[in-house]
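1. compute the structure for the input listed below.
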Amino acid sequence: MTSIPADAGTTPWDADVLGVLMAPFTGTDLPDWMGDVLEAGLASVILFGHNTPDPETTRALARAVHARSEDCVVAIDEEGGDVTRIQAATGSPLPTAWALGEADDIELTRHAGHALGDVLAACDVDLDLAPVLDVSTDPANPVIGTRAYSDDPDRVAAHARAFATGLMEAGLGTCAKHFPGHGATSTDSHTALPLIALDRAEFEREHLAPWRIVPWLDAVMTAHVLVPAFGDGPASISPWARPLLDRTAGGTFRGLLITDALDMAAVAADPGFGEAAVRALESGADLLCLGTSIRRDDEQMVREAHDAVVAAVESGRLRRETLRERAAGTRAHCRSLRTRRSFVPPPDLQDALRHAEELGADAASRAVRGRGARLDLSPVAVLDLRAGAHHASGARSQQLVQALRDQGVQADVPDYPDQPDQPGSPDQPNQPNEPGPPDRPGQPGSPGSVADRPQVLALTRLPRSDPDEGRRLAALLARRPDTIVVHVGVPDAAPDHRRLVLAHGAGRTMMRAAVDLLLHGDRR
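-> Below is the predicted model:
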């Protein structure tokens with residue numbers, strides 16, 4: 001194990017180490033210590049929801065970063081749909097990847113990528129950690145699901161390429177994720193280390209095929225997953241992953257290899273945060289995504305990774321020359337991304353946001369499906385039966401309530417036995433992606449029980465594989481068989497219920513499309 005020096009927090013910043021770090025900080029103002037790190041040579045900053053309450057604040061913060069370091073790449077995890085950072089407070093105007101795959105219009109997907117790229121460019125962001133190349137073959141997958149374009153590798157490849165093309169047309173850098181594939185597991189790497197026990201032939205056929213498109217992308221993000229068919233250890237910190245990527249891409253990938261966040265439990269629990277950073281570099285990573293600092297001191301988090309790498313160099317475990325070459329190559333890529341951004345003048349931010357709204361509404365309406373489900377303008381009870389927050393996106397029940405209210409329907413979340421709490425994103429425990437469903441029990445406006453409501457809507461995501469969610473749904477349907485289920489997961493995970501809407505996601509745009517379908521029918 002790599003130990004942290006006793007005087008951690010006081011040692012000078014090492015420029016070679018900073019050249020391989022993608023570091024976080026907490027809040028909406030650039031801390032003094034981060035300004036010092038930027039001037040000392042930090043390669044990249046990553047923004048999370050607690051940094052980006054709205055696009056205007058995001059733009060100001062990104063500009064503050066660039067004012068301290070012209071070459072530092074500002075990165076963000078912005079997929080559209082359920083996974084948004086820049087519009088964490090209100091929800092993304094764009095559909096999920098799965099919705100784009102359902103619409104199956106390649107030009108629409110390219111336009112969606114371009115629309116998102118315009119918003120990011122207007123916010124002075126350089127690198128989007130998208131598109132998702134995972135093939136969502138396990139309906140019980142708790143973290144990928146509708147973030148994937150499909151369960152078909154060819155469709156995933158086609159739409160991921162189109163989305164990336166749109167991003168690049170807007171001047172954004174692209175990072176495909178999560179290599180070699182996170183779609184065939186029911187374990188979330190935010191909480192544990194997934195094991196994918198497919199044999200080599202099946203994995204290559206179903207999950208590696210989309211990765212053949214990566215030679216013309218800017219970066220690839222590795223996953224914290226075990227795939228014994230290819231080697232030992234998690235892909236993100238093991239030496240088998242980079243050669244596998246090279247073979248899959250025909251030896252022509254020249255972009256950055258970026259780890260998934262090293263604070264995720266899949267590697268932070270074992271071998272540990274600092275050790276994972278060192279192992280990732282030993283395994284060929286170019287850039288270490290450290291994760292979110294919302295739960296700990298931000299400077300100390302960056303120090304821990306930095307000092308672990310310094311200790312590995314001082315012990316001879318990592319060669320200084322190798323680290324210096326890696327940092328130089330990473331900085332060259334970062335300068336290239338910044339130069340590309342300068343060649344494409346960013347649009348007006350409000351114009352970009354309006355265009356994304358219009359495009360997103362059209363795309364979502366083309367994807368949402370329903371059977372036996374109609375609403376009138378009578379009051380509606382909304383019950384969120386999902387268990388807790390999605391670790392990549394947070395809870396989203398408020399989006400359905402707000403979409404109903406926007407259409408003139410009285411909607412609230414009544415007191416109901418065994419309804420789970422809905423925290424916000426783990427990225428923002430004190431400033432959640434949403435403030436929580438309005439009108440919670442005990443708050444003004446929570447009037448009575450489900451039995452009193454003319455209409456009931458229930459949100460589900462994993463009712464077949466999550467025993468608690470399945471039990472809650474069964475109990476509700478026994479009491480109110482007229483309940484309309486709004487399913488926000490992949491279709492194969494949906495319950496067998498006669499009144500069902502397949503929303504393909506729980507974000508703002510998908511919920512608006514679902515409500516429009518319920519009130520007005522299919523208007524395509």
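2. pull the contacting residues for the closest residue to R331 other than its chain neighbours.
-> With C-beta to C-beta, 6 or more residues apart in numbering as the criterion, R331 has its nearest non-adjacent residue at 5.5 Å, and that residue is G19. C-betas here are computed from N, CA, C, even on glycine. Going by C-beta atoms under 8 Å, 6 or more residues apart in numbering, G19 touches 41-43, 326-328, 330-331.
3. most neighbours, which of the residues you listed?
-> For those, neighbours were counted using other C-beta atoms under 10 Å, and L42 has the most, 29 neighbours in all.
4. is it true that it touches P24?
-> No: with contact defined as C-beta atoms under 8 Å, L42 and P24 do not form a contacting pair (11.1 Å).
5. show me where the protein has its strands.
-> Using DSSP state E, the strands of the chain run over 21-23, 44-47, 73-76, 127-128, 173-179, 219-222, 256-259, 288-289, 369-371, 380-384, 411-412, 455-460, 484-487, 500-502.
6. which one of these lies nearest to E202?
-> Minimum separation from E202 across the strands of the chain (C-beta to C-beta) falls at strand 173-179, 17.0 Å.
7. quick one: distance of the closest one to the chain centre.
-> 11 Å (C-alpha atoms, centre = their mean, to the nearest Å).
8. give me the helices and strands touching that strand, please.
-> Here strand 173-179 touches strand 73-76, strand 127-128, helix 153-169, strand 219-222, going by 3 or more C-beta pairs under 8 Å, 6 or more residues apart in numbering; DSSP states H and E.
9. can you do 6 Å?
-> strand 219-222 (3 or more C-beta pairs under 6 Å, 6 or more residues apart in numbering; DSSP states H and E).
10. do I have it right that L400 meets T509?
-> No: with contact defined as C-beta atoms under 6 Å, L400 and T509 do not form a contacting pair (11.9 Å).
11. of those two, which one has the most company?
-> Neighbours per residue (other C-beta under 10 Å) separate L400 from T509, with T509 holding more: 32 against 27.
12. residues near A311, how many?
-> 20.
13. swap in E325?
-> Around E325 there are 13 residues (other C-beta under 10 Å).
14. cool, and V143?
-> 21.
15. that one reaches D188, doesn't it?
-> Yes: applying C-beta under 6 Å as the test, V143 and D188 come out as touching, 4.1 Å apart.
16. low-confidence ranges, the protein, go.
-> Low-confidence segments of the chain (pLDDT under 70): 1-10, 388-397, 417-448, 523-524.
17. same thing but 50
-> 1-9, 423-426, 428-448 (pLDDT under 50).
18. which residue of it sits farthest from its center?
-> Note on the chain: the largest C-alpha distance from the chain mean falls to D452, namely 38.0 Å (C-alpha atoms, centre = their mean).
19. hang on, the earlier thing: tell me the most buried of the strands of the chain?
-> Mean neighbour count (mean count of other C-beta atoms under 10 Å) peaks for strand 127-128 among those, with a mean of 29.
20. and the contacts of that strand?
-> 73, 75, 78, 120, 167, 172-173, 337 (C-beta atoms under 6 Å, 6 or more residues apart in numbering).
21. would you map the helices across the stretch 101-250 of the chain?
-> For the stretch 101-250 of the chain, the helices defined by DSSP state H, counting those that start in this stretch cover 106-122, 153-169, 200-203, 241-248.
22. distance from stretch 286-298 to the middle of the chain?
-> Using C-alpha atoms, centre = their mean, the offset of stretch 286-298 from its chain centre is 15 Å.
23. what does stretch 85-93 give?
-> Counting by C-alpha atoms, centre = their mean, stretch 85-93 comes out at 12 Å from the chain centroid.
24. before we move on, what about stretch 481-492?
-> Worked out by C-alpha atoms, centre = their mean, stretch 481-492 lies 23 Å from the chain centre.
25. next: stretch 298-317.
-> 27 Å.
26. circling back to that earlier point, out of the helices of the stretch 101-250 of the chain, nearest to E299?
-> Among these, helix 106-122 comes nearest to E299, with 26.5 Å by C-beta to C-beta.
27. the closest residue to K177 other than its chain neighbours and V485: what is the separation?
-> The shortest distance from K177 to any residue other than its chain neighbours is 3.7 Å, reached at M221 (C-beta to C-beta, 6+ apart). Counting by C-beta to C-beta, to the nearest Å, the gap from M221 to V485 is 34 Å.
28. residue contacts, D151?
-> Neighbours of D151 in contact, by C-beta under 6 Å, 6+ apart: 136-137.
29. let's see it at 8 Å
-> Residues counted as contacts of D151 (C-beta under 8 Å, 6+ apart) are 135-137, 183, 490, 492.
30. please, a ChimeraX command that selects the buried ones among these?
-> Restricted to buried positions by 16 or more other C-beta atoms under 10 Å, the ChimeraX selection for the contacts of D151 reads:
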select :135,136,137,183,490
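31. pick out whichever of the contacts of D151 sits closest to L208.
-> V135 (9.2 Å).
32. and the gap between the closest one and A503?
-> V135 is 21 Å from A503, by C-beta to C-beta.
33. do S238 as well
-> 37 Å.
34. what of D468?
-> For D468, the distance to A503 - C-beta to C-beta - is 21 Å.
35. the more surrounded of these two?
-> Between D468 and A503, A503 has the larger neighbour count (other C-beta under 10 Å), namely 34 against 15.
36. which helix of this structure spans the most residues?
-> helix 320-343 (DSSP state H).
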